[in-house]
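**Student:** Below are the sequence and a predicted model; questions follow.
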Amino acid sequence: MKQLRNQELSAFCEELAWLVHSGVGVGDGLRLMAEDEKADDRKTVYFEMAEKVDMGTSLADALKEAVCFPAYVQGSIRAGETMGRLEEALKALAGYYEEKERTNRYMKSALLQPVVLLLLMLIVVGVLLTRVIPTFQSVYESLGGKMTGIAGGLLNFGLWMKEKLWIFYVLLGLLLCLAVLFAAWQTFQERVIAVWKKCMGDRGVMRKVNDAALAQVISMGLASGLHLEDTMLLAAEVLADIPKAKNRCLRCRELLTEGIPLIDALKQSEVLPMASCRLLGVGMQCGNGDSVMEEISKKLSEEAETAMADRVDKVEPALVLTISVLVGVILLVVMLPLMNIMEAIG
């Protein structure tokens with residue numbers, strides 16, 4: 001079975017959270033969900049998970065064996081089960097994947113129009129370079145003139161581009177094929193995302209998202225009284241698919257094992273932002289470490305969502321600017337030679 005999509009993951013976690021909140025056991029809850037499920041493949045998976053849970057397997061292990069749940073879900077559920085806060089973990093996951101799906105839809109909507117415009121402009125460029133520019137050259141040569149300066153440079157550039165145009169179209173075709181594969185083939189999409197996470201998954205906006213996820217696990221750990229070393233081990237499992245984030249957690253665990261205080265360990269390993277570490281330190285001195293950590297988790301989650309929205313908002317203006325520059329270049333290529341031709345005729 002293929003990995004569940006964001007919307008499906010959100011619905012699964014939310015429904016199971018409500019069942020657990022109502023006092024229904026996890027195994028019985030999975031069985032009820034299976035009975036209501038319309039898709040045969042998911043129905044089978046839910047029934048199999050229910051049987052495993054009834055036989056004593058943890059929900060996290062059942063999710064792992066089902067294959068169709070990402071590592072982040074498995075790690076978060078394991079953390080929730082270990083800390084006795086399964087319902088909170090499920091609700092947090094439901095909100096996380098709902099927001100992720102909303103962001104994806106917003107990104108697709110924001111990128112659609114600029115991408116279509118960009119593709120149209122590339123087609124126009126191809127027509128100009130292969131049809132229009134050579135015509136200008138023939139007309140100008142028939143008048144016994146020779147283009148110089150900027151106009152001549154632009155014409156030479158156009159003729160050079162005409163010779164290399166087939167390479168451009170081959171690359172464009174490959175990019176379009178990759179885009180179609182990424183949108184339509186989930187397995188390919190997952191592999192690309194996995195490679196990207198390994199290379200860039202702990203920088204920029206993703207660093208904020210990772211910090212928010214780690215803060216959530218630490219908050220649950222402090223609230224449930226779990227040992228700090230075990231809390232960081234669970235945090236590393238939650239972000240197991242992002243090596244740099246996982247290594248930060250393991251480094252923090254090593255420092256805690258060596259007897260370093262929590263705040264110093266968090267600072268040295270850079271598990272949380274420095275400001276959050278200082279705020280947590282003040283809270284722990286006042287005896288309110290768990291409640292302060294919960295507020296830090298909420299704040300970091302809001303910052304991560306805001307950063308993702310801001311990044312998406314910047315994409316469309318950047319594409320529009322690119323298109324505007326491209327239009328300007330096209331006008332220069334066409335109009336400057338034309339002006340020289342008119343001057344020669346006059």
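**Tutor:** Looks like it came in fine.
**Student:** Would you mind naming the helix or strand containing the residue most central in space within the chain?
**Tutor:** Residue closest to the average C-alpha location in the chain (C-alpha atoms, centre = their mean): Met206, at 7.2 Å. Element membership for Met206, per DSSP states H and E: helix 204-224.
**Student:** Ok, Phe69 next?
**Tutor:** Following DSSP H and E, one finds Phe69 outside all helices and strands.
**Student:** Return the distance of the closest residue in space to it that isn't next to it in sequence relative to Ser269.
**Tutor:** Closest residue in space to Phe69, ignoring its immediate chain neighbours: Leu63 at 4.3 Å, by C-beta to C-beta, 6 or more residues apart in numbering. Just so you know, the C-beta spots here come from the backbone N, C-alpha and C atoms, and that holds for glycine as well. Look at Leu63 and Ser269: by C-beta to C-beta, to the nearest Å, they are 28 Å apart.
**Student:** neighbour count winner among those two?
**Tutor:** Taking neighbours as other C-beta atoms under 10 Å, Leu63 and Ser269 compare with Leu63 leading, 25 against 20.
**Student:** Tell me which residues of the helix or strand that one falls within come out buried.
**Tutor:** When elements are defined using DSSP H and E, Leu63 is found to belong to helix 59-66. If you call a residue buried by 16 or more other C-beta atoms under 10 Å, then helix 59-66 has these buried ones: 59-64, 66.
**Student:** next one: stretch 47-63
**Tutor:** 47, 49-50, 52-53, 57-63.
**Student:** ends of that stretch, how far apart?
**Tutor:** 12 Å (C-alpha to C-alpha, to the nearest Å).
**Student:** Confidence-wise, which helix or strand of the chain is lowest on average?
**Tutor:** helix 186-200 (a mean of 66; mean pLDDT, DSSP states H and E).
**Student:** quick one on the thing from earlier: wait, doesn't the residue nearest to Phe69 sit right on Pro70?
**Tutor:** No: assessed by C-beta atoms under 8 Å, Leu63 is found out of contact with Pro70, at 9.3 Å.
**Student:** ok, Arg102 to Lys267 distance?
**Tutor:** Distance, Arg102 to Lys267, using C-beta to C-beta: 34 Å.
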